[in-house]
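Asks: this one's structure only:
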């Protein structure tokens, strides 16, 4: 009997990679897709990655902000991997603009899972549900016992949305009549190879460096992980009983943004990169007026690491190293970007 998994957010950067991992392991995938016009390119990308035009794949159009259709779509599935979430292109100043949709989407999908008799749920959260809103100086290492402080002075709207959504998921899973066991996986900033020409939001930082769009680079940092490891761990979590009921961070170290620029400059000498660091005082001055800088400001000069000891123990496999992750990230961006970056050195 073919194993089946219902996968939300299948057209996303992480969702596509999970679909590939699932089908490589013999699962049939029933994917929820938000935009119908993304379906042809998604199928093409998955067929290319799996070297087959006959995939065990069904796609269905469903919206996170409408309960209609979810329970019916989930009927007959024992396993749900829920990666979909509302992520606006520009983070709003007002947290309420993103908190409401985050809570509603989580509630709609998990209530439908309960009604449909799903037995296993893997939910994709984020390390921002661990590290944000805390006040500290220098370096601090967090783990899965920590939760972001919703009342913290520098709590971002995105981090707040991931925190409240994950807390809600655990609350629903602890109801007496809940039929499923829950695992939440919390990736750091996720990089790695692209599967489509449409750029992933999580790769926007690297794409900006390649294109040379900024005169200098803000000194902010983050934990990182390769998308292939994120996908592997999602499927492992389905298959390993010891992952049931666990909250697991997926990270492979801490990285400063200007370090990425220096790495690319060394590994891809044909690119002319701007590697100079932007003074943090300048970033803070302009952050209120520049949405992109505003999203970086809370993380300036802040070294918030997250332990991966739990993930290594449960999944028993090392993560892809930084060199391979960044090399594959940049190579795929260069390969799949239709218009070449303006800052490629002349070879004439």
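Replies: That came through, no problem. On a predicted model such as this, the values are computed, not experimentally measured, just so you know.
Asks: low pLDDT regions in the stretch 151-300 of the chain?
Replies: 199 (pLDDT under 70).
Asks: where along it do the helices fall?
Replies: 157-173, 204-211, 227-239, 257-267, 280-286, 291-296 (DSSP state H, counting those that start in this stretch).
Asks: Select the longest helix from the chain.
Replies: helix 96-116 (DSSP state H).
Asks: what lines up beside the helix or strand just after that helix in the sheet?
Replies: Per DSSP states H and E, helix 96-116 leads on to strand 120-124 as the next helix or strand towards the C-terminus. Using DSSP bridges, strand 120-124 pairs in its sheet with strand 79-82 (parallel), strand 181-187 (parallel).
Asks: and among those strands, the most buried is which?
Replies: Here the criterion is mean neighbour count by mean count of other CB atoms under 10 Å, and of the strands paired with strand 120-124 the winner is strand 79-82, at a mean of 26. Just so you know, the C-beta spots here come from the backbone N, C-alpha and C atoms, and that holds for glycine as well.
Asks: any idea how far residue 34 is from residue 182?
Replies: Per CB to CB, to the nearest Å, residue 34 is found 23 Å from residue 182.
Asks: in stretch 110-127, what counts as buried?
Replies: 110, 112-114, 116, 118, 120-127 (16 or more other CB atoms under 10 Å).
Asks: now stretch 188-204
Replies: 188-196, 200, 202-203.
Asks: Kindly indicate which of those lies nearest residue 167.
Replies: residue 188 (19.5 Å; CB to CB).
Asks: who touches the closest one in this structure?
Replies: By CB atoms under 8 Å, 6 or more residues apart in numbering, the contact list for residue 188 reads 127, 222-225, 249-252, 306.
Asks: again, but for residue 49
Replies: 16, 20, 195.
Asks: Is it possible to get TSV of the contacts of residue 188 that adds distance to residue 321?
Replies: Below are the contacts of residue 188 laid out as TSV (distance: CB to CB, whole Å):
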residue	distance to residue 321
127	19
222	17
223	14
224	11
225	11
249	18
250	15
251	13
252	8
306	17
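Asks: Residue 275: what's it in contact with?
Replies: 217, 258, 261-262, 265.
Asks: Show the buried residues in those.
Replies: If we count by 16+ other CB under 10 Å, the contacts of residue 275 have these buried: 217, 258, 261.
Asks: you'd agree the second one is up against residue 217?
Replies: Yes. The pair residue 258 and residue 217 passes the contact test of CB atoms under 8 Å, sitting 4.5 Å apart.
Asks: shared neighbours, those two?
Replies: Common neighbours of residue 258 and residue 217, using CB under 8 Å, 6+ apart, are 275, 277.
Asks: Out of the buried residues of stretch 110-127, flag the one nearest to residue 11.
Replies: Nearest member of those to residue 11, counting by CB to CB, is residue 124, at 14.0 Å.
Asks: Quick check: beta-bridge partners of that closest one?
Replies: residue 185.
Asks: Tell me if I'm right that it and residue 82 touch.
Replies: Yes. Counting by CB under 8 Å, residue 82 is a contact partner of residue 124 at 6.7 Å.
Asks: Touching both of those two, which residues are there?
Replies: residue 9.
Asks: Format the strands paired with strand 120-124 as JSON lines; extra columns: distance to residue 12.
Replies: Output for the strands paired with strand 120-124, formatted as JSON lines (distance: least, CB to CB, whole Å):
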{"stretch": "strand 79-82", "distance to residue 12": "12"}
{"stretch": "strand 181-187", "distance to residue 12": "12"}
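Asks: Of all these, which one is nearest residue 294?
Replies: Residue 294 lies closest, by CB to CB, to one member of those: strand 181-187, at 22.8 Å.
Asks: Now do the closest one: everything it contacts.
Replies: So strand 181-187 is contacted by 14, 119-127, 129-130, 144, 166, 169-170, 173, 225, 230, 233-234, 237, 243-251, 306 (CB under 8 Å, 6+ apart).
Asks: Could you tell me the angle between it and helix 96-116?
Replies: For strand 181-187 against helix 96-116, the angle by axes from the mean of the first three to the mean of the last three CA atoms, to 10 degrees is 150 degrees.
Asks: next one: strand 181-187 to chain centre, how far?
Replies: 13 Å (CA atoms, centre = their mean, to the nearest Å).
Asks: That one relative to helix 157-173, how many degrees between them?
Replies: Using the same axes, to 10 degrees: strand 181-187 against helix 157-173 is 170 degrees.
Asks: how big is the angle separating strand 181-187 from helix 227-239?
Replies: 170 degrees.
Asks: For residue 218, give the beta-bridge partners.
Replies: residue 278.
Asks: Actually, residue 57.
Replies: Beta bridges link residue 57 to residue 29 when assigned by DSSP bridges.
Asks: Could you number the chain from 37 rather than 1 from now on?
Replies: Okay, using 37 as the starting number, the last item reads as residue 93.
Asks: what number of residues lie near the nearest residue to residue 343 once chain neighbours are set aside?
Replies: In this structure, residue 343 finds its nearest non-sequential neighbour in residue 179, 4.5 Å apart by CB to CB, 6 or more residues apart in numbering. Neighbours of residue 179 under the rule other CB atoms under 10 Å: 14.
Asks: From residue 195, how far out is residue 179?
Replies: Counting by CB to CB - residue 179 and residue 195 are separated by 17 Å.
Asks: Residue 72 too?
Replies: 31 Å.
Asks: Could you check which of these two has the larger neighbour count?
Replies: Neighbour totals were compared for residue 72 and residue 195, and residue 195 leads with 25 against 9 (other CB under 10 Å).
Asks: Right, I'll call it a day here.
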